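**Student:** what's the 3D shape of this:
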Amino acid sequence: MPNKILILENGKTFSGDGFGADGTKIAEIVFNTSMVGYQEILSDPSYCGQFVTMSYPLIGNYGLTDEDYESKGIYMSGFIVREYNDMPSNFRYTMTLQEMMQSNGVVGISGVDTRELVRIIRDEGSQRAMITDIDADVDECVKILKATPYETEQVKTVSTKRIWHCRTQNPKFTVVAVDCGIKYNIIRKFNECGINVIVVPYNTSAEEILRLNPDGLFLSNGPGDPENVPEVIELVKKMKGRLPIMGICLGHQIIGLSYGAKTYKMKFGHRGANHPVKNLLSGKVEITAQNHSYAIKADSLKGTGLEVTHVNLIDGEVEGMIDEKNRVISIQYHPESAAGPEDSGYIFRMFLKNLEAVAGGKLNAEKNRY
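**Tutor:** Okay, the predicted model is just below:
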């Protein structure tokens, strides 16, 4: 017999079997179309305060492995799946999904018709939802949902509270990464390019960053509305032209806001590993991994100094920007996820070239002093 119920803000309900942590939780409900990668999704800080509906039906069948987490913390509120498998067949697994969710307070419900649920979210938009016991008063729960405000401090929740380093062998440069919810694989990509990474809290000042003597500045992905992190927006305004800057996902949106562009909340966002994006610089189409609720208004970029470099082929969303003069680049999707056959790591090499160009200019300026 079902023991849990999922209640949507619009009054629709889905009954099912609970797994993971027990209890009642309220969160924004979204969906992800990826066929694999539930561990990376679970450990992605960008899902802070959200219920994630997996459109692929079978979840849990390969367990979780110690090497595949994308962050130190689990910030997702809940998982909604069609079929949960608690007997992993992967020789690498060290923990089941159920065990990880229990130890981190993440609720789950299985046996749900996720096809219908995804269609509701797609047609009506993301909305608040509740996972609770099957005998709950639905009408009362809907009233509670409608009165519950959306979270606004997700970045503060997921960001590191202290500075930490991730070094590589024979480094060429050092980059400060502003942690709005950074994923480990981004740091690995920088290390592969010969770049040491210093991860700092989201509210670190420009003066503190410059004291670390970095060669470049990186703005990470993260959850929520980019307008809710004015500290990072002001940081970009102060650092533009002083260091090469790169942003991914939330960092991309923050760069847009710092230049005077506008952002908006999408109807249901982009979440999955199969989003087609056209690179206007090369003319190629990239199949990308994405996870975001907000996007930049294309018509608001006029006169800002930012040029669009990538567009989403489904809805025309701005997926990449560049300011060549100030050596600023940004990407909306997750290039570190390598979702498609194309080498998505080229954006890191573009940033590396900017670091090399600035370093070369400093070297020439130093020589000209003598």
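**Student:** Need the mean per-residue confidence for stretch 191-208.
**Tutor:** Averaging pLDDT along stretch 191-208 yields 97.
**Student:** Alpha carbons only: can I get it in CSV?
**Tutor:** Below are the C-alpha coordinates for stretch 191-208, written out as CSV (Å, rounded to 0.1, in the frame of the first residue of the first chain):
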residue,chain,number,x,y,z
ASN,A,191,43.5,21.6,-12.8
GLU,A,192,43.7,19.7,-16.1
CYS,A,193,44.6,23.0,-17.8
GLY,A,194,47.4,23.6,-15.3
ILE,A,195,45.5,26.0,-13.1
ASN,A,196,45.5,26.1,-9.3
VAL,A,197,42.1,27.0,-7.9
ILE,A,198,41.4,29.0,-4.7
VAL,A,199,37.7,28.6,-3.7
VAL,A,200,36.3,31.5,-1.8
PRO,A,201,32.9,32.3,-0.2
TYR,A,202,30.3,34.1,-2.4
ASN,A,203,30.5,37.3,-0.4
THR,A,204,34.3,37.7,-0.6
SER,A,205,35.2,41.3,-1.4
ALA,A,206,37.3,42.4,-4.4
GLU,A,207,40.0,43.6,-2.0
GLU,A,208,40.3,40.2,-0.4
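**Student:** and residue 212, how many residues sit next to it?
**Tutor:** Neighbourhood size, residue 212 [other CB atoms under 10 Å]: 14. C-beta here means a position set from N, CA and C on the backbone, and glycine is covered the same way.
**Student:** From residue 254, how far out is it?
**Tutor:** Separation of residue 212 from residue 254 (CB to CB, to the nearest Å): 20 Å.
**Student:** what's the answer for residue 337, then?
**Tutor:** 20 Å.
**Student:** Tell me which of the two has more neighbours.
**Tutor:** Counted by other CB under 10 Å, residue 337 and residue 254 do not tie: residue 254 has more neighbours, with 29 against 21.
**Student:** got a list of what the more buried one touches?
**Tutor:** Residues in contact with residue 254 (CB atoms under 8 Å, 6 or more residues apart in numbering) are 180, 219, 226, 229, 232-233, 236, 247.
**Student:** Just the strands from the stretch 1-150 of the chain, written as ranges.
**Tutor:** Per DSSP state E, counting those that start in this stretch, the stretch 1-150 of the chain carries strands over the ranges 4-8, 13-20, 25-32, 50-54, 58-59, 78-80, 83-84, 107-110, 127-133.
**Student:** Surely residue 43 is in contact with residue 66?
**Tutor:** No: here residue 43 does not reach residue 66: they are 11.4 Å apart, not a contact under CB atoms under 8 Å.
**Student:** quick one: the helices in the stretch 1-150 of the chain?
**Tutor:** Along the stretch 1-150 of the chain, counting by DSSP state H, counting those that start in this stretch, helices occupy 38-42, 97-103, 114-124, 138-147.
**Student:** Tell me which of those helices is the most buried.
**Tutor:** helix 38-42 (a mean of 22; mean count of other CB atoms under 10 Å).
**Student:** which helices and strands does it pack with?
**Tutor:** Contacts defined by 3 or more CB pairs under 8 Å, 6 or more residues apart in numbering; DSSP states H and E place helix 38-42 against strand 50-54, helix 97-103.
**Student:** nearest to residue 144, of these?
**Tutor:** With distances scored as CB to CB, the stretch of the helices and strands packed on helix 38-42 nearest to residue 144 is strand 50-54 (15.2 Å).
**Student:** surely residue 277 meets residue 288?
**Tutor:** Yes: in this structure, residue 277 is within contact of residue 288 by CB under 8 Å, at 4.9 Å.
**Student:** which neighbours do the two share?
**Tutor:** Counting by CB under 8 Å, 6+ apart, the residues touching both residue 277 and residue 288 are 319, 333.
**Student:** Tell me what angle the longest strand along the chain forms with strand 25-32.
**Tutor:** Determined from DSSP state E, the single longest strand within the chain is strand 263-279. Using axes from the mean of the first three to the mean of the last three CA atoms, to 10 degrees, one finds that strand 263-279 and strand 25-32 are set 30 degrees apart in direction.
**Student:** Packing partners of strand 263-279?
**Tutor:** Judged by 3+ CB pairs under 8 Å, 6+ apart, strand 263-279 is in contact with strand 25-32, helix 250-258, strand 285-296, strand 307-312, strand 318-323.
**Student:** Need the winner for burial among those.
**Tutor:** A comparison of these by mean neighbour count, using mean count of other CB under 10 Å, puts helix 250-258 on top with a mean of 27.
**Student:** and that helix, how far from the chain's centre?
**Tutor:** Taking CA atoms, centre = their mean, to the nearest Å, one finds helix 250-258 lying 13 Å from the centre of the chain it belongs to.
**Student:** likewise stretch 114-124?
**Tutor:** Its chain's C-alpha centre and that of stretch 114-124 lie 22 Å apart, by CA atoms, centre = their mean.
**Student:** what sits up against that stretch?
**Tutor:** With CB under 8 Å, 6+ apart, stretch 114-124 has contacts from 6, 8, 10, 12, 14, 29-31, 53-55, 57, 80-82, 127, 268.
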